[in-house]
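Enquirer: Kindly generate the corresponding structure for this input.
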Amino acid sequence: MATAKDPDPPESLALIIDSNATSRSILVGQLREYGVTKIVQCSRVRDARARLEHTVFDYVLCDQFFSESGDSGQTLLDDLRRAQLLPFSTVFFMVTAEASYAAVAEAAESALDGYLLKPFTPSALFERLSLARLRKIHLKPIFDAIELEDFEEASRLCVERFEARKPYWLYAARIGTELLLRLNRHDEARTLFEAVIAARALPWAKLGVARAQIESGQATRAITTLQGLIGEDASFADAYDVLGRAQVELGNFADAIETYRTASGLTPDSVVRLQKLGMMSFYMGDRKTASSVLARAAMLGVDSKLFDFQALVLLGFSYFADNDRKGIERCVADFTRILERHADSQRVQRLADVVRTLQLIQQRQFSAAVAAVRNMAREIDEAGFDFEAASNLASLLSVLGATSIDLSDGESWVRALGMRYANTRGLTELMANACNMHPPYADIVRGCLPEINSTAEKAMAQALAGDAEGAVRSLLQQAGTTLNSKLADMAQQVLQRHRERIPDAQSLQESIEAVRARCGNAPTRAVLGQDGDRRPGGVVIRTRAPAVAAAAVAAAATTAALNTLAASNKLSADDILDMPDEPSIDDILGVPAPEPFDPAEKLRLRPL
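Expert: Numbering: from 1, shown residues only. Okay, here's the model as predicted:
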């Protein structure tokens, strides 16, 4: 048996989360006997979450059920993992008096280090903790590479351990797939996921296939994969998270809200899932559900890193629709406290301004509210005025329109917002639904997507007719006018494909880069709030700073190529958006498809 002192560091810090004082006392004694030098105790999940957000522990022993509060250790683990608040070095054990197969399976899918069934002997605890720490030591070279943000080396080590079937090869494969996704090497990640499935069919690997499909622009195929996975295990909450994301990207909001409702029902205390359900309910016009769900999310985690402040803005809009003056006051007060912690954040200031403007309208201080909206509208053409800010401004304009306040520039502002962000059906519908308090504005937004698609189709036809330079200039002119990043990306695609036949290619490239800088970082897919690096079904890769993802560029390129295909085959905008099997850029440009994956062969990953 492994001993405590061999794998463990000389000084270690542990956190015990248990509502029962006697249980905590027993665990404290056992951990001290094991050699843990510092131990922190929490009786509530909320307190533990706050501790874990600010301190890195060597060990966490968490009770599974908290009967008095209705909280669960599993929900805490899911939220912490999704928000990247558990580093690889932390050993997380769930402690419970009764463990059903479903509970153990769910915990295992959360990359849990162990499951302790009460009562257990000190020797049993020592052995389990030592073995968990031993795994951390075996995988230390991988973790060290991740700490240095050398993801290429870390993924190489993971693949090497998996292929050689060294100790903990399955866990190494799980980390490796996450790294490959982070590096935007989606095909290689899918290959590794499929190899894991062939070696030992695991739900997280099947979920990984779906995630890789979404990242490579195949959301429709991902939905099929996910529906099959849910059919095998209807309680796999992470599968619903990813399914909801795919449905939102495709603009299937009615399906997405039911998916998020199911996920939230499986883990009722999950702040992240409550936010998704509340946001989707808001955009679908279900104000009652939005108010109650977002209010609960705020109550559970408004001061937590898991909380997305956009949820507080949508809660403010819901309170306004219900004429709940006190509710809006609470939102304003929350943002006052949040601004004290994030005084330098332009995003938080923008969100706070939106809620404060809602309060001005509710108090019938219309001149001050209109002045505030005009001030926001001055930023419409700025590179940093992102999709979230645009949607919130559109919502405010719809509130003013529904209040019959005469705002002469209202329609033109809404149209400018719609033309800038009408990249996909999902994005367009999300912004249109943000305007649902004033249907005429929603109609304006929906009318922008056909205009953008028409512009794209005409330019593609021009390129196919032999005037590639004219197509690039046309796309650039429209992109510069609308700040629509989809048109700028298409100009780049056409230039790249026909560069040899365009004499002034370098000058056009510089113009494209200038327009792209003006467009800013526009999303290529519809998303709810700002997920950051949260990846349902993935393993936490904690780094000093978030890695810069290139997925948006790849997805934009795919969108551009789809439009090329549309122009050549005379497809309509709706045809483009409804294609069941989206072709890749390689398919469109005639690059041969790779051979089918053979599990018996070694992984065909490119050299690292």
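
Enquirer: Sketch out the low-pLDDT regions of the stretch 501-608 of the chain for me.
Expert: In the predicted model, the stretch 501-608 of the chain carries pLDDT under 70 at residues 524, 526, 530-608.

Enquirer: hmm, 80 instead?
Expert: Low-confidence segments of the stretch 501-608 of the chain (pLDDT under 80): 522-608.

Enquirer: Kindly report the same for the stretch 301-450 of the chain.
Expert: Judged by pLDDT under 80, the stretches of the stretch 301-450 of the chain that qualify are 303-306, 404-406.

Enquirer: Kindly report the same for the stretch 101-250 of the chain.
Expert: Short version for the stretch 101-250 of the chain, where the test is pLDDT under 80: 101-119, 147, 170-171, 174, 195-206, 208, 216-217, 232-233.

Enquirer: And the strands in it?
Expert: 114-117 (DSSP state E, counting those that start in this stretch).

Enquirer: Residue 334 is in contact with residue 352, correct?
Expert: No: under the criterion of C-beta atoms under 8 Å, residue 352 makes no contact with residue 334, lying 9.2 Å away. For glycine as for every other residue, the C-beta is placed from the backbone atoms N, C-alpha and C.

Enquirer: more neighbours, the two?
Expert: residue 352 (23 against 20; other C-beta atoms under 10 Å).

Enquirer: in the helix or strand hosting the more buried one, what's buried?
Expert: Under the criterion of DSSP states H and E, residue 352 resides in helix 346-362. Residues 348, 350-362 are the ones in helix 346-362 that count as buried (16 or more other C-beta atoms under 10 Å).

Enquirer: Adding distance to residue 319 as columns, could you present those residues in a markdown table?
Expert: Listed next are the buried residues of helix 346-362 as a markdown table, based on distance: C-beta to C-beta, whole Å:
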| residue | distance to residue 319 |
| --- | --- |
| 348 | 19 |
| 350 | 19 |
| 351 | 15 |
| 352 | 15 |
| 353 | 16 |
| 354 | 13 |
| 355 | 9 |
| 356 | 13 |
| 357 | 13 |
| 358 | 8 |
| 359 | 10 |
| 360 | 14 |
| 361 | 12 |
| 362 | 8 |
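
Enquirer: returning to what we had before: which residues are contacting the helix holding residue 352?
Expert: 309-310, 312-313, 316-317, 319-320, 323, 325, 328-329, 331-332, 335-336, 338-339, 342, 366, 368-369, 372-373, 376, 384, 388-389, 392-393, 395-396, 399-400, 403 (C-beta atoms under 8 Å, 6 or more residues apart in numbering).

Enquirer: from the residues you listed, which ones fall inside helices?
Expert: 309-310, 312-313, 316-317, 319-320, 325, 328-329, 331-332, 335-336, 338-339, 366, 368-369, 372-373, 376, 388-389, 392-393, 395-396, 399-400 (DSSP state H).

Enquirer: Which parts of the stretch 151-300 of the chain are helices?
Expert: With DSSP state H, counting those that start in this stretch as the criterion, the stretch 151-300 of the chain has helices at 151-164, 169-182, 186-199, 203-215, 219-232, 237-249, 253-266, 271-283, 287-301.

Enquirer: mind checking how far stretch 507-520 is from the chain centre?
Expert: Relative to its chain's centre, stretch 507-520 lies at 28 Å (C-alpha atoms, centre = their mean, to the nearest Å).

Enquirer: Check which residues of stretch 115-128 are buried.
Expert: 115-116, 125-128.

Enquirer: Alpha carbons only: can I get it in PDB?
Expert: The C-alpha coordinates for stretch 115-128 follow below in PDB (Å, rounded to 0.1, in the frame of the first residue of the first chain):
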ATOM      1  CA  TYR A 115     -15.700   8.400  -3.900                       C
ATOM      2  CA  LEU A 116     -15.700   7.600  -0.100                       C
ATOM      3  CA  LEU A 117     -18.600   5.600   1.300                       C
ATOM      4  CA  LYS A 118     -19.300   6.100   5.000                       C
ATOM      5  CA  PRO A 119     -18.200   4.600   7.300                       C
ATOM      6  CA  PHE A 120     -14.600   4.100   6.200                       C
ATOM      7  CA  THR A 121     -11.500   3.300   8.200                       C
ATOM      8  CA  PRO A 122      -8.500   5.600   8.400                       C
ATOM      9  CA  SER A 123      -6.400   3.100   6.500                       C
ATOM     10  CA  ALA A 124      -8.900   3.100   3.700                       C
ATOM     11  CA  LEU A 125      -8.800   6.900   3.500                       C
ATOM     12  CA  PHE A 126      -5.000   6.900   3.600                       C
ATOM     13  CA  GLU A 127      -4.800   4.400   0.700                       C
ATOM     14  CA  ARG A 128      -7.300   6.200  -1.500                       C
END
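
Enquirer: Find residues that contact each of residue 352 and residue 334.
Expert: Contacts common to residue 352 and residue 334, judged by C-beta under 8 Å, 6+ apart, are absent.

Enquirer: Distance from the chain centre to the helix ranked longest in the chain, please.
Expert: Across the chain, the longest stretch assigned as helix under DSSP H is helix 439-464. Distance, stretch centre to chain centre, for helix 439-464: 28 Å (C-alpha atoms, centre = their mean).

Enquirer: For residue 38, which residues count as its bridge partners?
Expert: With DSSP bridges as the criterion, residue 38 is bridged to residue 13.

Enquirer: quick one: the residue lying closest to residue 181 once chain neighbours are set aside and residue 143, what's the gap?
Expert: In space, not counting the residues next to it along the chain, residue 181 is nearest to residue 189; the distance is 4.8 Å by C-beta to C-beta, 6 or more residues apart in numbering. Residue 189 sits at a distance of 19 Å from residue 143 (criterion: C-beta to C-beta, to the nearest Å).
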